[in-house]
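Undergrad: just a sequence and a predicted model for now, questions to come.
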Amino acid sequence: MNYFIKKTIALLATLLVAAFLTFLAFEVIPSDAALTKLGMDATEEEVEALREAMGLNRSLPVRYGDFLLGAVKGDFGDSVQYGIPVTRLLANRFGVTIGLALLSFVLIVGISVPVGILAARAKTKTGEGFFAFLTQIMMAVPPFFLGMLITLLFGIVLRWFAPGSYVAAGDDFFGFLRFMVFPAMAVAIPKIGMTVRFLQSSLKEQMQADYVRTAKSKGCTKRRVLWAHVLRNAMIPVVTFLTMVMAEILAGSIVIEQVFNLSGIGRLLAVSISGRDYPVVRAIVLYTTAVVVVLNYGADMLCRFLDPRIKEM
Amino acid sequence: MAGWFKKDGKWNVNRIIGFSLVVIALVFSLVGCFYTPYDPNAMHGDLKNAEPSLSHWFGTDNFGRDVLSRVMKGAGTTFLVGLSVVSIGAVGGCLLGAFTGYFGGKADLILMRVNDAVAAIPSILLALVFVGIFGSGTLQLIAALGILFVPSFARVVRSGFVVQKELDYVKNARLMGAGHLRIMFVHILPNIRSSLFSALAIGFNNAVLSEAAMSYLSLGVQPPDASLGRMLSEAQPYFFRAPWNALAPGFMILFCVLGVGLLSIGGGESHD
């Protein structure tokens, strides 16, 4: 069967399973949505009536079907805490999180690739040790602590930005960039450490391959070998790695949004979990998982394009 | 001992720094189990956000609690959570990885698929969902992170077993009548210790960072218990007036994770 069709079927199956697990996880919670809504003082009859009205008394498969249909149409019910439809609650916040994630990704790729090449070319023990130390220290800072340090240094001491002065990208794009680059840095720096280390070992492995020796003996310059041959081959595992990083960025922004007071998806998730606002949690988890799964699918497609030899499932 | 810090006759600077940082962090947290300069939870209304001084080395927090004492106590909590999480993950992962890697077959295929699926989703998201379902607290946090760390260990152990089981010494042991369990845990497991050790170090660091993040979001260790992440979240509103409140626990996490990480790579030898 065609690689593309196979992968697409696998994608749809994974999405269905993820949706079922998300649905099931919040079914086993020992809590009653009707009771939560009415409060502890409600009488037995009132709760029972609302359960019936909310459709909580129907069988599990029927409710899963309903949930799935709602998810496709973008209807996740109402938020318990805010009393407005979950979809409307999320719509305002998607922009912030997506902006943060994209900017972080640009920073990660823009900084990791040159630094990774530099690290791979380090020949001496001292040079290798230096890059090992540098990447390790980047990975060791807790991202939210990094965010606090960045606010202290750039916001309070140097006054390059005013903490809490978020502007939407639609209103003032450069103002948005000028503010967002700081939270994005907090998300990006630990990931840059990971990516540099990965790129370095991937490049080093490729530099020892036979085709490099062949290219050199043909008279290729060192620079041409690196840019035309090694980089393209080393990029394939890096693409897969970067999709994983993209998923990590989404996770990292949960905490960073809290530090920089950004009202994005991540902050909403943390608030909804403390507030037991399950419709919101369910929707966010489902959306995030879907994004991660689709990203992985995209990476598989891109790898296949970069290296047509990839055939296995 | 000195030889361990040297490589090709030169001092291995990264390993020396890593070792020192780990020793400092260990001394801090171990001493904190038995002795702290002040009661870490005692509040003093007249000493709010006091600057670092000789009597309070790291200053005091918003409730007048001694930050040094709280860091010592909190480091203990954080490391305990980290160690428990890694233990659960390592034991579960070793069992799962050993059986699937050694026996192979359908179970191996299915388990590894599930493993890949779980590994694709960021662990903090799953931990958040877990806490959302079972409530927040130290025990729930340990359980959630412990289970989530099983796949990464299972993968490392499995790939080791897949290679090792084909080697001659395993066939030898088999011919001499050793049982499968004996071969798996007495013969093969010690031979994959180096990859297991680096998985343990990475796992411990991830566990400490995850605990800090979850407690920072108020979904992990609950007050009044001190944990490093919890302290950071409590310190944030007063960060600009009393930065020492956040800097002390923050750098404690940084030093510990950096130290363990540097020890596990040993400085530039990972590519040999």
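TA: Looks like it came in fine.
Undergrad: list the buried residues for the helix or strand where residue A:180 lies?
TA: Using DSSP states H and E, residue A:180 maps to helix A:173-207. Neighbour-count burial for helix A:173-207, counted by 16 or more other C-beta atoms under 10 Å in any protein chain shown, picks out A:176, A:179-204, A:206-207. Every C-beta, even on glycine, is put in place using the N, C-alpha and C of the backbone.
Undergrad: what do you get for stretch B:135-142?
TA: Within stretch B:135-142, the residues scored as buried using 16+ other C-beta under 10 Å are B:136, B:138, B:140-142.
Undergrad: how about stretch B:240-255?
TA: Buried, per 16+ other C-beta under 10 Å, within stretch B:240-255: B:242-255.
Undergrad: near chain A, from these?
TA: B:243, B:246, B:250, B:253-254 (C-beta under 8 Å from any C-beta of the partner chain).
Undergrad: need the helices for the stretch 1-150 of chain B, in chain order.
TA: Secondary structure of the stretch 1-150 of chain B (DSSP state H, counting those that start in this stretch): helices at B:13-34, B:67-103, B:105-120, B:123-134, B:138-164.
Undergrad: likewise for chain A?
TA: Per DSSP state H, chain A carries helices over the ranges A:3-25, A:33-38, A:44-54, A:60-73, A:86-121, A:125-140, A:143-150, A:173-207, A:210-217, A:222-224, A:231-259, A:265-274, A:278-306.
Undergrad: pick out the shakiest of the ones you listed, pLDDT-wise.
TA: Of all the helices of chain A, the minimum mean pLDDT falls on helix A:33-38 (a mean of 63).
Undergrad: related to what we said a few turns ago, redo the buried residues of stretch B:135-142 as TSV? Include distance to residue A:257 and pLDDT.
TA: Below are the buried residues of stretch B:135-142 laid out as TSV (distance: C-beta to C-beta, whole Å; pLDDT from 0 to 100):
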residue	distance to residue A:257	pLDDT
B:136	19	79
B:138	25	86
B:140	23	87
B:141	21	88
B:142	26	91
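Undergrad: residue A:90 is in contact with residue A:264, correct?
TA: No: contact between residue A:264 and residue A:90 fails when scored by C-beta atoms under 8 Å: they sit 10.1 Å apart.
Undergrad: OK, now which residue of the stretch 51-200 of chain A is nearest to chain B?
TA: Of all residues in the stretch 51-200 of chain A, residue A:128 sits closest to chain B, at 3.2 Å by C-beta to the nearest C-beta.
Undergrad: next, count neighbours for that residue.
TA: For residue A:128, the neighbour count with other C-beta atoms under 10 Å in any protein chain shown is 19.
Undergrad: quick one on the thing from earlier: just the ones of the ones next to chain A among the buried residues of stretch B:240-255 in helices?
TA: Using DSSP H, those in helices are B:246, B:250, B:253-254.
Undergrad: tell me the one of these nearest chain A?
TA: Looking across those and measuring by C-beta to the nearest C-beta, the closest to chain A is residue B:250, at 3.9 Å.
Undergrad: centroid residue for chain B?
TA: When C-alpha atoms, centre = their mean is applied to chain B, the residue found nearest the centroid is residue B:204 (2.1 Å).
Undergrad: tell me the buried residues in the strand or helix carrying that residue?
TA: If you go by DSSP H and E, residue B:204 is part of helix B:193-216. Neighbour-count burial for helix B:193-216 flags B:196, B:198-216 (criterion: 16+ other C-beta under 10 Å).
Undergrad: mind listing what the residue of chain A positioned farthest from its centre touches?
TA: Within chain A, residue A:45 marks the point farthest from the mean C-alpha position, 44.5 Å out by C-alpha atoms, centre = their mean. Residues counted as contacts of residue A:45 (C-beta atoms under 8 Å, 6 or more residues apart in numbering or on different chains): none.
Undergrad: now do it against residue A:80, distance only.
TA: Distance, residue A:45 to residue A:80, by C-beta to C-beta, to the nearest Å: 22 Å.
Undergrad: in the stretch 51-200 of chain B, which residue sits nearest chain A?
TA: Distances between the stretch 51-200 of chain B and chain A by C-beta to the nearest C-beta are smallest at residue B:122, namely 3.3 Å.
Undergrad: from residue B:149, how far off is that residue?
TA: As for residue B:122, its distance to residue B:149 is 13 Å (criterion: C-beta to C-beta).
Undergrad: and the two? Which one has more around it.
TA: Neighbours were tallied for residue B:122 and for residue B:149 using other C-beta under 10 Å; the higher tally belongs to residue B:149 (25 against 22).
Undergrad: excluding its backbone neighbours, what's nearest the more buried one?
TA: Nearest residue to residue B:149, sequence neighbours excluded (C-beta to C-beta, 6 or more residues apart in numbering or on different chains): residue B:89, at 3.0 Å.
Undergrad: could you do residue B:10 as well?
TA: Going by C-beta to C-beta, 6+ apart, residue B:10 has residue A:125 as its nearest residue, at 6.5 Å.
Undergrad: shouldn't the one you found be in contact with residue B:11?
TA: No: with contact defined as C-beta under 8 Å, residue A:125 does not reach residue B:11; the gap is 10.4 Å.
Undergrad: what residues are up against residue 237?
TA: Chain wasn't specified; assuming chain A. With C-beta under 8 Å, 6+ apart, residue A:237 has these contacts: A:198, A:202.
Undergrad: I was after chain B.
TA: Here residue B:237 is in contact with residue B:62 (C-beta under 8 Å, 6+ apart).
Undergrad: how about a cut-off of 10 Å?
TA: Residues near residue B:237 by C-beta atoms under 10 Å, 6 or more residues apart in numbering or on different chains: B:62, B:245.
Undergrad: how close does residue A:237 get to residue A:196?
TA: Counting by C-beta to C-beta - residue A:237 and residue A:196 are separated by 14 Å.
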